[in-house]
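Visitor: Sequence first, then the predicted structure:
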Amino acid sequence: MKKYKEYVENWEKKIGSFLQFDPEKAKADSSSEGPLKGIPFGVKDNIAVKGFDMTCGSKILENFNCPYTATAVEKLQNKGAVVVGKMNMDEFGMGSSTDNSALGETNNPWDTSRVAGGSSGGSAAAVAAGLVPFALGSDTGGSVRQPASFCGVYGLKPTYGTVSRYGLTAYASSLETIGICAESTAMTRDVFNIIKGIDVMDNTTVDYKPSGKDDSNTIAVLKVGEGDLSDDVLNSYKVSQQRITDLGYTVTEVELPTLKYVVPAYYVIATAEASANLARFNGIRYGLAEKGAETPSDLMQMSRHSGFGDEVKLRILLGTYVLRSGFQDQYYHRAQKIRTAILNDFNRIFEQADALMLPVFPTGAFHHGSSDLTQLQQKSADLYTCSANLAGLPALAVPSTIEKGLPIGVQFTAPAFEEERLFRISEKLEEVFPVQNPEGYSKEWNK
């Protein structure tokens, strides 16, 4: 344990992936037996773990201590895994860099001048640095897959409804799911198989009903246009396409006609749901309560003004706007129709292919601040990941190459409940290109 703590502390000085690190705090809540006995894991700080804080990366919840544990976490504890800490994140899951956290900065283990991605940046960075073999995150529009790609690890967004959201702080309820960052395909599969399943505490959970098809023979590859990807990402994408061809898959190039509508539809729906979900943070029942307010209305306004960051305020305002009387048909209802069209596009592809390969993000890990990508450009770049959330489909980010010292990933998506197809593809690619590790990575502490 001493070696482990020293290893984490040395890395944390450089990357800041944890908001709380305490390997002893939840140890008693884990089973003394089980397939994951003694394995440490991190939990994104918008997922409940009894005894730990749950800040969501926000000042408004900075001192909130969680009184219960999320179902997904509890299932892992029952199999012997031990929560060692809570991971940094973009405030309330809103961002692509983890720079939007109000409580700390997380750096990419491969280059600390660059972001780890977001919003589950802390989870991905900790796995990449070897601090934990896996960590839970949440994926609303790519928040597990994008940081996994930036940090060179595996990132799974499960089929919507297969993993309980009980204990996950709500941001955009119809889009988000608890996901997994892990050091290998096998670990990703093991964790998923433990946390999936119906939960009486979450009535959106569903029966897990895969088709039972044993083999994935045909993989569709999304056609990308000139200038859609940076040179590094385009090269990595082509390498992965060649690999799946060399592995014997039948490869067919396809287009997603609705792709250009993904980002506007996503941000209309996500912000609308955020405006409703975040209304509960009013300074009255829990969280930050600013002093000096003379009325409940003043208390709410002052607390939300001080407690929420700029990105959260922006999304609440946008969501409130699109839900105004007279605007719902123009924005929200139209976005829901586009959402259906996106799913139809995927279904059309899956009539001729078992899975679809597409980029994760148009660039590799960018520098902190807006020197590489502005906040608006980061939002626009979400088109490849948001599509799976809008359609409710599973998607898995897989390490692809190292370009100029930085990892680049590619993602695969499949029909609902076909996570196993993704794992089988990933396993074959892992044999060709196993996970690479940043300088300073070690597992000596575990011996």
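Guide: Okay, I see it.
Visitor: Quick check: residue 145 touching residue 387?
Guide: No - using C-beta atoms under 8 Å, residue 145 is not in contact with residue 387, being 11.3 Å away. C-beta here means a position set from N, CA and C on the backbone, and glycine is covered the same way.
Visitor: Comparing the two, which shows the higher neighbour count?
Guide: Set side by side, residue 145 and residue 387 show more neighbours around residue 145, with 34 against 30, by other C-beta atoms under 10 Å.
Visitor: Check that one and give its pLDDT.
Guide: With respect to pLDDT, residue 145 scores 98.
Visitor: and the gap between it and residue 39?
Guide: 23 Å (C-beta to C-beta, to the nearest Å).
Visitor: Quote the end-to-end distance of stretch 390-401.
Guide: From its first residue to its last, stretch 390-401 covers 28 Å (C-alpha to C-alpha, to the nearest Å).
Visitor: same question, stretch 105-119
Guide: OK, stretch 105-119 end separation, C-alpha to C-alpha: 12 Å.
Visitor: Go through that stretch and flag the buried ones.
Guide: 105-112, 114-119 (16 or more other C-beta atoms under 10 Å).
Visitor: repeat for stretch 199-219
Guide: Those would be 199, 202, 205, 208, 216, 219, for stretch 199-219 by 16+ other C-beta under 10 Å.
Visitor: Identify the residue with the minimum pLDDT among those residues.
Guide: Lowest model confidence among the buried residues of stretch 199-219 falls on residue 216, which carries 75.
Visitor: Show me what the worst-scoring helix or strand of the chain on mean pLDDT is packed against.
Guide: The least trusted helix or strand in the chain, going by mean pLDDT, DSSP states H and E, turns out to be helix 375-380, with a mean of 89. Here helix 375-380 is seen to pack against helix 259-277 when contacts are counted using 3 or more C-beta pairs under 8 Å, 6 or more residues apart in numbering; DSSP states H and E.
Visitor: For the helix it packs on, give the mean pLDDT please.
Guide: Helix 259-277 shows a mean pLDDT of 96.
Visitor: starting at the chain centroid, how far to it?
Guide: Chain-centre distance of helix 259-277: 16 Å, with C-alpha atoms, centre = their mean, to the nearest Å.
Visitor: Mind jotting down where the strands sit in the stretch 51-200 of the chain?
Guide: Under the criterion DSSP state E, counting those that start in this stretch, the stretch 51-200 of the chain contains strands at 82-87, 107-108, 111-115, 134-139, 154-157, 177-182.
Visitor: So which of the ones you listed is the most surrounded?
Guide: strand 154-157 (a mean of 33; mean count of other C-beta atoms under 10 Å).
Visitor: That strand pairs with which strands, and in what direction?
Guide: Within its sheet, strand 154-157 is paired with strand 177-182 (antiparallel), strand 395-403 (antiparallel), according to DSSP bridges.
Visitor: low pLDDT regions in this structure?
Guide: 214, 447 (pLDDT under 70).
Visitor: Apart from its chain neighbours, what residue comes closest to the residue nearest the centre of the chain?
Guide: Computing the C-alpha centroid of the chain and ranking residues by C-alpha atoms, centre = their mean puts residue 144 first, at 2.0 Å. Spatial nearest neighbour of residue 144, chain neighbours left out: residue 179 (3.5 Å); criterion: C-beta to C-beta, 6 or more residues apart in numbering.
Visitor: so what's the one you found up against?
Guide: Neighbouring residues of residue 179 by C-beta atoms under 8 Å, 6 or more residues apart in numbering: 120, 136-139, 143-145, 155-158, 163.
Visitor: from the residues you listed, which is closest to residue 169?
Guide: Closest approach between the contacts of residue 179 and residue 169, by C-beta to C-beta: residue 138, at 8.4 Å.
Visitor: so that closest one sits right up against residue 120, yeah?
Guide: Yes - the pair residue 138 and residue 120 qualifies as a contact (C-beta under 8 Å) at a distance of 6.5 Å.
Visitor: What ranges does this structure have for its helices?
Guide: 2-15, 71-78, 121-128, 145-151, 185-195, 231-246, 259-277, 296-307, 310-322, 332-350, 375-380, 383-391, 419-432 (DSSP state H).
Visitor: In TSV: those helices, plus distance to residue 358.
Guide: Shown next, in TSV, are the helices of the chain (distance: least, C-beta to C-beta, whole Å):
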stretch	distance to residue 358
helix 2-15	28
helix 71-78	26
helix 121-128	19
helix 145-151	11
helix 185-195	18
helix 231-246	9
helix 259-277	9
helix 296-307	37
helix 310-322	25
helix 332-350	10
helix 375-380	16
helix 383-391	5
helix 419-432	13
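Visitor: out of those helices, nearest to residue 57?
Guide: helix 121-128 (8.7 Å).
Visitor: Can you tell me which helices and strands that closest one packs against?
Guide: In terms of contacts (3+ C-beta pairs under 8 Å, 6+ apart), helix 121-128 is packed against strand 18-21, strand 40-44, strand 82-87, strand 107-108, strand 134-139, helix 145-151, strand 177-182.
Visitor: For residue 5, find the nearest of these.
Guide: Closest among these, using C-beta to C-beta: strand 18-21, at 8.3 Å.
Visitor: and the closest one, which strands flank it?
Guide: strand 82-87 (antiparallel).
Visitor: for the closest residue to residue 50 other than its chain neighbours, phi and psi?
Guide: Spatial nearest neighbour of residue 50, excluding adjacent residues (C-beta to C-beta, 6+ apart): residue 69 at 4.5 Å. Main-chain torsions, residue 69, degrees, to the nearest 10: phi -120, psi 140.
Visitor: likewise residue 16?
Guide: Torsion angles, degrees, to the nearest 10, at residue 16: phi 60, psi 50.
Visitor: Run through the residues that contact it.
Guide: Residue 16 makes contact with 88, 104-107, 122 under the criterion C-beta under 8 Å, 6+ apart.
Visitor: quick revisit: and which of the buried residues of stretch 199-219 is nearest residue 283?
Guide: residue 202 (27.3 Å).
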